[in-house]
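Peer 1: no sequence on hand, only this structure:
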């Protein structure tokens, strides 16, 4: 664990200090760090974002902020892979939160002599910023404790032996000693963990000899909040930490160094030509492509910048490159911002509030489609969990009648969701209607077969949902290759006969440039009268800053992204923050 986080000025004035172990402020450590910075340069860890100093008895990682001049320093026992990763996460959290609360603007205001002075003609650089500093302290501690609790929970889940014992005496799972598997945290950083930790994914009933985690072990507080009228809304992804309105910070990050200073302060009020943009656009296109934006989309964005800027003048003290970046940011925002309002809860309430000719409730029907292996069933279950939080009765329908094990996979999800909505639910038991699940969530299944069976199951499920007073019908479908007409053609007749209210495509953040064709083919598969309604982008926790898939899919279809998947539990679903996505792609 880290020992302390300290924020101080070059003059040695401490603005903030945090010690998770509740020990005294280690002032001598900071003095040693300052002396070391003056005398030598720090090394940067391979693949790391911040410099590291190794001193007598401890190590530190720091970030030197340029405007205003501040140092963010994290100290810890010794330099190691694990502690360096933790320190990097703490520094990222601290700097992003500091910027999002606009504390730098307060400091710059006071440093420019605009703040009040005391009787000694002294201005406290955080004057009028005490409330924001208190918020920083509160929010930082909450996020730090969340991360620390998650790490502790993951450590406690490691099984004591490399063998999982089968309850019924059947063949046991053998695990090679020392074998490693991969796990991703909320921030997208990959960790290698013991295969014994795979018990965290096991919902089966084990013996006392096996490590077991209950299905109710979820961080529901991070999932969302209820409004005053009782609606449960999913949080935007990192909504606070992604907020950064300080243009000076953005320019400092993107235009550092002497050349950046000259560019910013000696140029401006220049008429932009195509020749001026040629090198700048090539550089921006390359940056976008490295973040998984498809080349054709990068070319489109470059053309938009040219159309926007050629013939116009740069603002005073603003370079052509900075102006082009502003234009690119506007273009990305325009692509990702939904063209129509998507208010699912109100749409659902409006439809379920109406009755058919027989006086039965009209259920709201979703259909989930996508290529093989993108996480359709998992994200369908995450969506179901959110709907259950809004007190809606959910019928999950197994319309994947092709893939072996697809029905059984959904059955496991329904059992898990039943336990989350009713702690007294016994796994494997039937509800009052003799089906898998309970009175809140239920599985409708019809076995395995061809495409005719899919349509038959869908129509039967909708009728059953009406008869049993369900609010929601969630239809899982088979994964299919987007470039195989034989597999794609049944989607048209399925949509025409099942007539879902919303068709959702689950796209994978990992897929890269092929996402353009995937989105186009699925959007066209339902015929001229019907299109996709929105995307869920899965596995966003595994790609770091490479969020280009989002831009690709929306560019190709004009269909909005409503949710993003950020982890492996039912609460790991977020609504898309356009500003967060744009900032991640730009900086």
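Peer 2: Yep, it's here. Being a predicted model, the structure only gives us computed values, none of them experimental.

Peer 1: so what pLDDT did the nearest residue to residue 543 once chain neighbours are set aside get?
Peer 2: Counting by Cβ to Cβ, 6 or more residues apart in numbering, residue 509 is the residue found nearest to residue 543 once chain neighbours are left out, at 4.7 Å. To be clear about C-beta, it is placed using only N, CA and C from the backbone, and glycine gets the same treatment. For residue 509, the pLDDT comes out at 89.

Peer 1: residues near residue 509, how many?
Peer 2: As a burial measure, residue 509 scores 25 neighbours (other Cβ atoms under 10 Å).

Peer 1: any figure for the gap between it and residue 104?
Peer 2: Distance of residue 509 to residue 104, computed by Cβ to Cβ, to the nearest Å: 31 Å.

Peer 1: cool, and residue 132?
Peer 2: Where residue 104 is concerned, residue 132 sits at a distance of 10 Å (Cβ to Cβ).

Peer 1: of those two, who's got more company?
Peer 2: Set side by side, residue 132 and residue 104 show more neighbours around residue 104, with 20 against 17, by other Cβ under 10 Å.

Peer 1: which element is that one on?
Peer 2: helix 103-111 (DSSP states H and E).

Peer 1: packing partners for that helix?
Peer 2: helix 130-156, helix 247-254 (3 or more Cβ pairs under 8 Å, 6 or more residues apart in numbering; DSSP states H and E).

Peer 1: going by mean pLDDT, which of the ones you listed comes out lowest?
Peer 2: helix 247-254 - the lowest mean pLDDT of the helices and strands packed on helix 103-111, at a mean of 45.

Peer 1: now the helix or strand where residue 87 lies: mean pLDDT?
Peer 2: Counting by DSSP H and E, the element that carries residue 87 is helix 81-100. For helix 81-100, mean pLDDT rounds to 87.

Peer 1: how about the helix holding residue 104: buried residues?
Peer 2: Neighbour counts over helix 103-111 (16 or more other Cβ atoms under 10 Å) mark 103-107, 109-110 as buried.

Peer 1: can you give the distance from that helix to the centre of its chain?
Peer 2: 31 Å (Cα atoms, centre = their mean, to the nearest Å).

Peer 1: which stretches of the stretch 101-250 of the chain have low pLDDT?
Peer 2: 115-123, 150-221, 227-230, 236-250 (pLDDT under 70).

Peer 1: go with 90
Peer 2: 101-132, 134-250 (pLDDT under 90).

Peer 1: my guess is residue 473 is in a strand, correct?
Peer 2: Yes: Residue 473: assigned to a strand according to DSSP: H, G, I helix; E, B strand; the rest coil.

Peer 1: give me the neighbour count for it.
Peer 2: Burial of residue 473 is recorded as 24 neighbouring residues (other Cβ under 10 Å).

Peer 1: same check on residue 147?
Peer 2: So residue 147, with other Cβ under 10 Å, has 17 neighbours.

Peer 1: I figured it hits residue 89, correct?
Peer 2: Yes: checked against Cβ atoms under 8 Å, the pair residue 147 and residue 89 is within contact range at 6.7 Å.

Peer 1: residue 495: what's it in contact with?
Peer 2: 367, 503, 526-527, 530 (Cβ atoms under 8 Å, 6 or more residues apart in numbering).

Peer 1: drop anything exposed from those residues.
Peer 2: Buried residues within the contacts of residue 495, counting neighbours by 16+ other Cβ under 10 Å: 367, 503, 526, 530.

Peer 1: buried residues in stretch 559-571?
Peer 2: In stretch 559-571, counting by 16+ other Cβ under 10 Å, buried: 559-567, 569-571.

Peer 1: which one of the residues you listed sits closest to residue 57?
Peer 2: residue 567 (37.2 Å; Cβ to Cβ).
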